[in-house]
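>>> Model the following, please.
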Amino acid sequence: MKTLLTMDLQWFSEEKTEKATPKKRLDSRKKGQVPKSQDVNTAFMLFTAFLLFWLFAGPKLFSELQGMMSDMFLRFMNLPVTAENSTALFQQLTWRMGLAVLPIMALTVLAGAFASFVQVGSLLTTEPLKFKLEKLNPIKGAKRIFSARALVELAKSILKITLVGATVTAVIYLNLDSVLLLSQKSITVGAATIGELTVLMGLAAAVLLLLLAIPDYIYQRYDHEKQIRMSKKDVRDEHKTMEGDPKIRARRKQRQMDMAMSRMMQEIPKADVVITNPTHYAVAIKYDQSKADAPVVVAKGMDFMAERIKLIAKQHEVPLVENVALARAMYATIDVSQQVNEEMFQAVAEVLAFVYRLKQKASKNKL
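Numbering: from 1, shown residues only. Below you'll find the model as predicted:
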């Protein structure tokens, strides 16, 4: 006997299957969640540092080291070993060494900033620096340690160590004759040879790391897209937040209609005439030659609204004129604040002329 299993489809609405919306991407960026490969920064900084050593800083740094050693032997070797002398020695060595490598360090930092700018663009946020208790959660920490991302990082590290080690070994093997002859060379020549080999190994390793950083950056972009995916429910909630809750939208729309209705009722006392059906429709019009070339509909309504328009018109002594066809046509084709159509000019003009004659006759009777 077969049994049917019921399944709640809402389970699937929580799966992160949808691409991130522009708003989600912007919010993630504000939080510092951007696709970025740290390997790109490291490789670029390493390449810049060794390139500067090769092109400019090598001879100068070697000369500075020679001066430091000479100065140390001339000034400090004859002094007794005391705490004061040792402190002065290390302070001077640190200061001179810092000044020697400062330009290289500054340019290397700028290279790292440039690598970040190329990947991320202009972004300044303190969100990642904020303290969050969830970061201390040991369960989440264990999940991060044994996650697929951690395994990928481990594989990357092993690959980098292996390839960099192989590259350094290859450089030394290709220059093995020079290494074996170091003992037969002077200190100056030997130091220069060691410096050249060090820079060569550093440049080779940096170029290799740059090449390895390209697939890592592609993977980081893929992983970032995966991390910011949204469920169907997330998309609906975001849309609801941006557009507003339907109930709130309905209340806002009702409020706007009430405000528009209130403004319309305030215009009725200024009307010249109200054309009626007489029971179902009412349209109030006003003609001001200085503002418009044709009469303008200032209010209109049907059934209950028509009765309100007629009541307000009576209270302010606005004439009511019955014209069934004209009232229906104007209500159906002309919106509030619009001018009367050319097809209705003749009929409206006759109504206005009739109203003006009534007003002139009423004013003469008062006199």
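>>> so residue 308 touches residue 299, yeah?
No: between residue 308 and residue 299 there is no contact under Cβ atoms under 8 Å: 9.4 Å. (Each C-beta comes from the backbone N, C-alpha and C, glycine too.)
>>> list the residues that contact both of those two?
Here residue 308 and residue 299 share the contacting residues residue 265, scored by Cβ atoms under 8 Å, 6 or more residues apart in numbering.
>>> Name the residue in the two with the higher neighbour count.
More neighbours surround residue 299 than the other of residue 308 and residue 299, with 27 against 17 (other Cβ atoms under 10 Å).
>>> Show me what the top helix by length along the chain is packed against.
Ranked by number of residues, the top helix in the chain under DSSP state H is helix 187-227. Counting contacts by 3 or more Cβ pairs under 8 Å, 6 or more residues apart in numbering; DSSP states H and E, helix 187-227 packs against helix 38-52, helix 58-76, helix 148-174, helix 176-180.
>>> Lowest mean pLDDT across the ones you listed, which one is that?
Lowest mean pLDDT of those: helix 58-76, a mean of 70.
>>> out of everything not next to it in sequence, what's closest to residue 152?
Spatial nearest neighbour of residue 152, chain neighbours left out: residue 219 (7.1 Å); criterion: Cβ to Cβ, 6 or more residues apart in numbering.
>>> That neighbour: how many residues sit nearby?
The number of residues packed near residue 219 is 16, by other Cβ under 10 Å.
>>> Wait, it touches residue 149, no?
No: in this structure, residue 219 is not within contact of residue 149 by Cβ under 8 Å, at 9.7 Å.
>>> ok, the closest residue to residue 168 other than its chain neighbours - contacts?
Among residues not flanking residue 168 along the chain, residue 201 sits closest, at 4.9 Å (Cβ to Cβ, 6+ apart). Taking Cβ under 8 Å, 6+ apart, we find residue 201 in contact with 167-168, 171-172.
>>> buried subset of the residues you listed?
167-168, 171 (16 or more other Cβ atoms under 10 Å).
>>> lowest average confidence, helix or strand, in this structure?
Lowest by mean pLDDT, DSSP states H and E among the helices and strands of the chain is helix 10-13, with a mean of 49.
>>> what about residue 46, neighbour count?
Using other Cβ under 10 Å: residue 46 sits among 20 other residues.
>>> mind checking how far it is from residue 19?
To residue 19, residue 46 is 35 Å away according to Cβ to Cβ, to the nearest Å.
>>> Likewise for residue 213?
Noted for residue 213: a distance of 26 Å to residue 19, by Cβ to Cβ.
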